[in-house]
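[1] Give me a 3D structure for the following:
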Amino acid sequence: MVTLVWGLGIFLLVNAFACLWRATTGPTVVDRVLAVNIIGTKTLVLLVVLAMAFGRDMLLDVALVYGLLNFVITITASRFLETGRLAGDWS
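    So this is what the prediction gives:
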């Protein structure tokens with residue numbers, strides 16, 4: 001079981017570095033925001049897998065908070081890219 005967790009962790013880290021490359025060299029800003037969101041999602045999955053493998057319930061709480069922050073940051077960045085401002089009329 002531990003070997004599977006380490007293999008999955010290495011696989012997720014390699015994929016995260018591929019997304020990091022896309023985030024730094026993306027052709028558009030939207031591609032960069034999406035790549036950063038994918039990195040956050042991979043981190044979330046890695047935290048959940050580690051929590052299940054090692055029996056650490058605290059990591060599930062950290063993953064939940066991290067997922068909520070990742071969602072809010074992505075929505076905020078998308079709004080800023082679409083409208084050019086963060087405050088104001090939401091309609």
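[2] Show me the residue at the heart of this structure, geometrically.
    The centroid of the chain falls nearest to residue 40 when counting by C-alpha atoms, centre = their mean (0.9 Å).
[3] Assess the claim that it and residue 68 are in contact.
    No. Applying C-beta atoms under 8 Å, one finds residue 40 not in contact with residue 68, separated by 10.7 Å. Using the backbone N, CA and C atoms, a C-beta is placed for each residue, glycine as well.
[4] Compute the distance from the centre of stretch 62-77 to the centre of its chain.
    Relative to its chain's centre, stretch 62-77 lies at 8 Å (C-alpha atoms, centre = their mean, to the nearest Å).
[5] What mean pLDDT does it get?
    The average pLDDT within stretch 62-77 is 92.
[6] Okay, buried residues for it please.
    For stretch 62-77, the neighbour count (16 or more other C-beta atoms under 10 Å) marks 63, 66-67, 70, 74, 77 as buried.
[7] any chance of those residues in a markdown table, with secondary structure too?
    Putting the buried residues of stretch 62-77 into a markdown table (DSSP: H, G, I helix; E, B strand; the rest coil) gives the following:
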| residue | secondary structure |
| --- | --- |
| 63 | helix |
| 66 | helix |
| 67 | helix |
| 70 | helix |
| 74 | helix |
| 77 | helix |
